[in-house]
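Chemist: model the following, please.
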Amino acid sequence: MFKLNYYRRIQLSFLLFIIVPIITVSVISFALIKETMVEKLQLTNDNFLKVMTDEIGKTIDDASFASHFMVNDTSFKKYLKNFADTDRLRSYDDYTNFTEIKGVFSLITSKPLNNNTRMYLVNRKRFIIPSSEDDMTSVNKHLDELYGKIDFNQPETLQWLGMVRDNPGKAGTYYIARVIHDKHEKQYLSVLLIGISQSYFEKLLKPVEFGKVALFDAKQNRIAGSAELSAPDPAAPPSNLRSEVTLDKADWTLVYEASKEAFTGKISRTFYAGIGGVVLFFVIFSISSMFIAKRLHRPIQKLQRVVRQFGMGNLDARLEVKGRDDIAELSRTLNTMLDQLQGLIHDIEQEQEQKRVMELEALFMQIRPHFLINTLNSVKCSLILQQDHLHSGIIDSLMSLLRAYMKFNEPATLQEECELMRHYVDIMKIRNDIPVQLTIELEPGLASWTMPKLMLQPLIENAIVHGLMDHPDACIRIRAQRKQGFVTIEIEDNGDGIEEERLLMVNDRLQIPDSGPDTPYDRVGLINVAQRLRLSFGSEAGIALVPNKRRGITAVLRIPDRDTRNTHPGRYVI
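Modeler: Residues are numbered from 1 along each chain as shown. The predicted structure follows:
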């Protein structure tokens, strides 16, 4: 797991003081620039629409001028009246009227602004007079359709007939009609059709760099421009950058729409590229600073490593001193301190070892003289009185115990300890003249388990002396088993037991780590066993007396089952 050391906290703080202000300023600048550019784009759109509106307005003014001239010119109207029912040129008069009408068309179309406009005069007989020598196939083809859209009850006003296409998907022509009416006869003389090519609008509304443009008539039909734009809808919510301008003379609507995302995309890409550069620089700077900081922190890491090794038991760990800087001076001081600590630890270990050996010897010496003198005296008296050589086996048992005492510094296996207890019970049978039966039950695998010699002898002695002296069916049972990481050894007897109050007092005393010199003689064996357990196996080892269900007492030894006791047998010093 990542450890936030002191120098790393300093490094992280330093990096944050750099990256946070840069990113904050960049984001604020990006937002302000983006907002300003969007406002400028909106203003540019409005100016762009104004220019196109003026251009389309001039074209509509030309069409209005032409139709107004034809309606209000008296002499021209006379020719129209004479030509109203002509279906073909049959006479000189017909030709004269036709020529005069063509002359007026030539005058009107001479203006350069009307190059994209075509006019057709259609009389009551559907005879068509064009303003130029253009092909009239399209007009003839759609004449009935156009006439169906004309309202003859609205004379002398411009009527917007909409777009007519020769073929679907191709450019068409937008037609405007004006009915020329004879007020005296109260009927129309002819219809003036004004056609504006869709290519004119498309060229005018050519795509711009940002956005789309479209022109819609009063019926929301698209005249020209982008097919992706929708017709003006006042109820629609605003989206993107959309501007709409209505031409009052024609009731047309010019729509310009630009995607804010498309416009700001370049700004965003520039911003992200800048942020990417900042991040890349930040990463490079971070990696470089990490290497530099790590190099500067390396002497401190060595100090930490040596102190940690010394604390884990490697007392020979020392720092390699180089240079004359502050770290070198600190290293020399630390080495001197470690030398002093090592010497102090060595002295303490020697003192503790000597104290431990002396305590074990003192504890053992409290048991050995009393037991040996009484036992030898009893055996001697018994042999003198009975003159029985069969008791030589008892002498052998005694010799076994003596040999064990002579080699008390060496550990014994649990099986060897139990054999010694058999010899001890045999001796106690002769000494106290009681039939004691010893039963041993060892869990498989515990026979080779090592322990200090004669650890069980005081417990067997207490059971015989204080509980089994007057019992003809005296029985002692030794059981050993493993339970939850501990080796449990139980010495159970069927003797007289002990009072509950005294039992509690003895158990409390057995839990005290150290006993004073005024320990009563009747408890010296148990307390010695408790002290030897703690000295040999640690503070987790202990002994307790437990009353049996029927009668008697069970002494329970609870010893940690550690592998180190087998690999270091010399630790058991008796």
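Chemist: alpha carbons only for contacts and neighbour counts from here, please
Modeler: Noted.
Chemist: compute the first-to-last residue distance for stretch 143-155.
Modeler: Using C-alpha to C-alpha, to the nearest Å, one end of stretch 143-155 lies 18 Å from the other.
Chemist: and it, how far out from the chain middle?
Modeler: 73 Å (C-alpha atoms, centre = their mean, to the nearest Å).
Chemist: with stretch 497-515 instead?
Modeler: 59 Å.
Chemist: what does stretch 121-133 give?
Modeler: On C-alpha atoms, centre = their mean, the centre of stretch 121-133 falls 81 Å from the chain's centre.
Chemist: for the record, mean pLDDT for that stretch?
Modeler: The average pLDDT within stretch 121-133 is 81.
Chemist: check what contacts it and list those residues.
Modeler: Stretch 121-133 is contacted from outside by 80, 83-88, 98, 102, 105-106, 109, 118-120, 136, 188-193, using C-alpha atoms under 8 Å, 6 or more residues apart in numbering.
Chemist: and the next element down the chain from the strand or helix carrying M37?
Modeler: Using DSSP states H and E, M37 sits within helix 6-72. Note on helix 6-72: by DSSP H and E, the next helix or strand toward the C-terminus is helix 74-83.
Chemist: just to revisit the earlier point, could you turn the buried ones of the contacts of stretch 121-133 into a ChimeraX selection?
Modeler: To isolate the buried ones among the contacts of stretch 121-133 in ChimeraX, judged by 16 or more other C-alpha atoms under 10 Å, type:
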select :80,83,84,86,98,102,105,109,118,119,120,188,189,190,191,192,193
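Chemist: in strands, which of the contacts of stretch 121-133 fall?
Modeler: Counting by DSSP state E, the contacts of stretch 121-133 place 118-120, 188-193 in strands.
Chemist: which of the residues you listed sit farthest apart?
Modeler: R118 and Y188 (21.4 Å; C-alpha to C-alpha).
Chemist: same for the helix holding M37, what does it pack against?
Modeler: helix 74-83, strand 173-182, strand 241-247, strand 252-258, helix 260-311 (3 or more C-alpha pairs under 8 Å, 6 or more residues apart in numbering; DSSP states H and E).
Chemist: now do 7 Å
Modeler: helix 74-83, strand 241-247 (3 or more C-alpha pairs under 7 Å, 6 or more residues apart in numbering; DSSP states H and E).
Chemist: and the helices in the stretch 451-574 of the chain?
Modeler: 457-467, 500-510, 524-537, 564-567 (DSSP state H, counting those that start in this stretch).
Chemist: tell me the one among the ones in strands among the contacts of stretch 121-133 nearest to S536.
Modeler: Checking the ones in strands among the contacts of stretch 121-133 one by one against S536 (C-alpha to C-alpha), the nearest turns out to be R118, at 123.3 Å.
Chemist: who's the closest one bridged to?
Modeler: G195 (DSSP bridges).
Chemist: enumerate every residue touching it.
Modeler: 131, 194-196 (C-alpha atoms under 7 Å, 6 or more residues apart in numbering).
Chemist: of those, grab the buried ones for PyMOL.
Modeler: Buried residues within the contacts of R118, by 16+ other C-alpha under 10 Å, are selected in PyMOL with:
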select buried, resi 131+194+195+196
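Chemist: just name the shakiest helix or strand of the protein by mean pLDDT.
Modeler: Least confident element among the helices and strands of the chain, by mean pLDDT, DSSP states H and E: helix 564-567 (a mean of 40).
Chemist: got any ranges where the stretch 301-450 of the chain has weak pLDDT?
Modeler: Low-confidence segments of the stretch 301-450 of the chain (pLDDT under 70): 358-359, 361-380, 382-384, 387-393, 395-396, 399, 406, 408-409.
Chemist: can you show me the strands along it?
Modeler: 412-413, 437-442, 450-451 (DSSP state E, counting those that start in this stretch).
Chemist: give me the sheet partners of the first one and which way each runs.
Modeler: For strand 412-413, the paired strands and their directions (DSSP bridges) are strand 450-451 (antiparallel).
Chemist: residues making contact with the partner strand?
Modeler: Contacts for strand 450-451 (C-alpha under 7 Å, 6+ apart): 411-414, 566.
Chemist: now these: which count as buried?
Modeler: With burial judged by 16+ other C-alpha under 10 Å, the buried subset of the contacts of strand 450-451 is 411-414.
Chemist: tabulate the residues you listed (JSON lines), appending distance to G276.
Modeler: Listed next are the buried ones among the contacts of strand 450-451 as JSON lines, based on distance: C-alpha to C-alpha, whole Å:
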{"residue": "P411", "distance to G276": "74"}
{"residue": "A412", "distance to G276": "76"}
{"residue": "T413", "distance to G276": "75"}
{"residue": "L414", "distance to G276": "75"}
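Chemist: who's in contact with stretch 288-306?
Modeler: Taking C-alpha under 7 Å, 6+ apart as the rule, stretch 288-306 contacts 317-319, 327.
Chemist: between those, which has the most around it?
Modeler: Compared across those, R318 has the highest neighbour count, 21 neighbours, by other C-alpha atoms under 10 Å.
Chemist: ranking the helices and strands packed on helix 6-72 by mean pLDDT, which is last?
Modeler: strand 241-247 (a mean of 75).
Chemist: adjacent strands (with direction) for that strand?
Modeler: By DSSP bridges, strand 241-247 pairs with strand 252-258 (antiparallel).
Chemist: which residues are in contact with the strand it pairs with?
Modeler: 210-218, 240-247.
Chemist: kindly supply the ChimeraX command isolating those of the residues you listed that are buried.
Modeler: Selection of buried members from the contacts of strand 252-258 for ChimeraX, criterion 16+ other C-alpha under 10 Å:
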select :211,212,213,214,215,216,217,241,242,243,244,245,246,247
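Chemist: what's the burial count for Y175?
Modeler: Y175: 22 neighbours (other C-alpha under 10 Å).
Chemist: now swap in G313 and tell me
Modeler: Neighbour tally, G313, other C-alpha under 10 Å: 9.
Chemist: dihedrals phi and psi, it?
Modeler: phi 120, psi -10 (degrees, to the nearest 10).
Chemist: likewise the one 5 residues further on?
Modeler: Dihedral angles phi and psi of R318 (degrees, to the nearest 10) take the values phi -140, psi 160.
Chemist: which ones are touching it?
Modeler: If you count contacts by C-alpha under 7 Å, 6+ apart, then R318 has 306, 335 around it.
Chemist: repeat for Q481
Modeler: Counted by C-alpha under 7 Å, 6+ apart, Q481 has contacts 442-443, 487-489.
Chemist: could I get those in TSV, plus columns for distance to K407 and neighbour count?
Modeler: Listed next are the contacts of Q481 as TSV, based on distance: C-alpha to C-alpha, whole Å; neighbours: other C-alpha atoms under 10 Å:
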residue	distance to K407	neighbour count
L442	24	16
E443	27	10
V487	24	19
T488	25	18
I489	23	22
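Chemist: just put those in a markdown table and tack on distance to Y272.
Modeler: Putting these into a markdown table (distance: C-alpha to C-alpha, whole Å) gives the following:
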| residue | distance to Y272 |
| --- | --- |
| L442 | 79 |
| E443 | 76 |
| V487 | 71 |
| T488 | 74 |
| I489 | 77 |
